[in-house]
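[1] Structure of the sequence below:
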Amino acid sequence: MDAYKTVISVVVVVLALACFAGVAIMLAMSFAQAEEASLIESRIEAQHDGQHLTIKLPFSKPVTGILKGRLTCTLIDMEDKKIAEAERGVVLRRRKDTVTIDIPVKLKPEDLAATRIRYSFVHEHGDISGLVATQTVMDWLEVRVLGQNELLSGSNASLRIIALNHRNMDPVPDAEVTVTLSAGGKKILLYNGKTNASGTSDAVIHIPEVSTEDVKLIINVDSGIGKDTVEKSVKLIKVTQTYLVTDKPLYQPNQTIHLRTITLTKPSMLPLQGHDIVLEVLDSKGNKVFKKRTKTDKFGVCSAEFRLADEINMGRYKIAAIIGDDKTEKTVTVEKYVLPKFNVRLKTDKEYYMPGEVLKGTVSSVYFIGKPVTGGTVKGTLSKFDVGFST
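    Next comes the predicted model:
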């Protein structure tokens, strides 16, 4: 009988220990689960299709057991005002589980970038909550443009367009790139291409000649993670070269100075057509004695005449042609003179010379009455000619 009671007591003790152990294990699992369940915030991802903001939240929990709860995600602005919200029930079965939730919202990309996502997962053992900036969890196209702020009309220029994923700064390959020039209400397509594996597109564009100086370059980039537009204000510089000539270098009072200019654009060296030009003449004391505003013709040429008075200041007169900020000057001499009583002739051994060769010749001078000029001083000057002579 005593033996039977002893056996019963042992069985009761074993069962009690087993129950206690089971309860302890369950409590330990529950506490461990409540303590270790978390959300991996650095791996949150979001996408926006224009209608919905789809958010993927990666959770982590202990290997065993199921964790149930309710997830709420709220989209708020920078002043913590609610824009939109969504909630759903969640059952976490695996150790690492990703939960997807859609928030219905219609916002422009630039407006969505100024929002934040507040999440809260309330489960049977507590809650997991936090706040993240929307632009840090989305694949966001960021476009950078490298280039000059001043461009030369009629020339080629280079731009480097860089497409990056703002979330992780990874390059975005195969993105469509267009560069458009906006000037005077008109838009001119300058470039169409794609980014390479490094997320860059090196665009060589031809800058057209337009009437306005202040223009915009519009760079549009379209990729698999979104679109972005960059507007870059630039200034177009028009470089010209003006040649100014007169019919002769020396004038007397009461004679007429004939002026002519030809203006070309750089680097094309084409005529500058229909452009405003100012012609001026200043006497030897700096007094402005002549001024004419006119326009260049289709050949880039303009001309004018100025008759000198009988009583004027003698000396060196300065003639100027002004186009915009460019000024070309030439000097002529105005003085009374008497024609020489002899002539001078030069005879060279060749009609033309190559660079580096020596010019050889003979100078002869004879009075008009036929006698030779003796004892005179001879001075030689070599000049070149393009649209006029220059020493």
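
[2] Give me the spatial nearest neighbour of the residue nearest to the spatial centre of the chain, chain neighbours excluded.
    The residue lying closest to the centre of the chain (Cα atoms, centre = their mean) is G147, at 4.4 Å. Nearest non-adjacent residue to G147, counting by Cβ to Cβ, 6 or more residues apart in numbering: L159, 4.2 Å away. Yep, even glycine has a C-beta here, placed from its N, CA and C like the rest.

[3] what's the distance between L270 and V132?
    Separation of L270 from V132 (Cβ to Cβ, to the nearest Å): 58 Å.

[4] before we move on, what about R316?
    R316 sits 78 Å away from V132, going by Cβ to Cβ.

[5] So which of the two has more stuff around it?
    V132 (17 against 12; other Cβ atoms under 10 Å).

[6] element containing that one, please.
    strand 126-133 (DSSP states H and E).

[7] Need the residues that contact the helix or strand A46 falls within.
    Element membership for A46, per DSSP H and E: strand 45-48. For strand 45-48, the external contacting residues (Cβ atoms under 8 Å, 6 or more residues apart in numbering) are 53-56, 105, 107, 109, 112, 117, 134, 137-139.

[8] Give me the buried subset of those residues.
    In the contacts of strand 45-48, burial by neighbour count holds for 53, 55, 105, 107, 112, 117, 134, 137-139, counting by 16 or more other Cβ atoms under 10 Å.

[9] Among those residues, which one sits closest to Y367?
    Here the nearest of those to Y367, counting by Cβ to Cβ, is D139; it sits at 96.0 Å.

[10] Tell me who's in contact with the closest one.
    Under the criterion of Cβ under 8 Å, 6+ apart, the contact list for D139 reads 45, 47, 165, 167, 225-226.

[11] And for K235?
    Each residue near K235 by Cβ under 8 Å, 6+ apart is listed here: 149-151, 213-215.

[12] Please tell me how far E280 sits from I117.
    According to Cβ to Cβ, E280 and I117 sit 69 Å apart.

[13] ah, wrong one, I meant S364
    100 Å.

[14] Am I right that D102 is in contact with D49?
    No - using Cβ atoms under 8 Å as the test, D102 is too far from D49 to be in contact (9.7 Å).

[15] So the two - more neighbours on which side?
    Higher neighbour count among D102 and D49: D102, with 15 against 8, using other Cβ under 10 Å.

[16] Please report how far that one lies from K227.
    Separation of D102 from K227 (Cβ to Cβ) stands at 22 Å.

[17] Also S42?
    S42 is 27 Å from K227, by Cβ to Cβ.

[18] quick one: which of the two has more around it?
    More crowded of S42 and K227, by other Cβ under 10 Å: K227, with 13 against 9.

[19] What pLDDT is listed against P267?
    If you check P267, the pLDDT there is 79.

[20] Next up, phi/psi of it, please.
    With angles defined as degrees, to the nearest 10, P267 sits at phi -90, psi 0.

[21] Equivalent analysis for P109, please.
    phi -50, psi -40.

[22] again with L112
    Dihedral angles for L112 - degrees, to the nearest 10 - are phi -70, psi -30.

[23] With L259 instead?
    Backbone torsions for L259, taken as degrees, to the nearest 10, come to phi -110, psi 150.

[24] How many residues are close by it?
    L259 has 22 nearby residues by other Cβ under 10 Å.

[25] Kindly report the same for V239.
    There are 13 residues near V239, going by other Cβ under 10 Å.

[26] Check the separation of the first and last residues in stretch 291-304.
    Start to finish, the residues bounding stretch 291-304 are 10 Å apart (Cα to Cα, to the nearest Å).

[27] what domains does the record give for the protein?
    Under the assignment automatic domain parsing, the domains of the chain span 38-137, 141-237, 239-334, 342-390.

[28] coming back round to it: could you check the strand holding V132 and say which residues are buried?
    128, 132.

[29] What's the mean pLDDT across the very next helix or strand once past that strand?
    Following strand 126-133 in sequence order, the next helix or strand is helix 134-137 (DSSP H and E). Confidence for helix 134-137, expressed as mean pLDDT, is 88.
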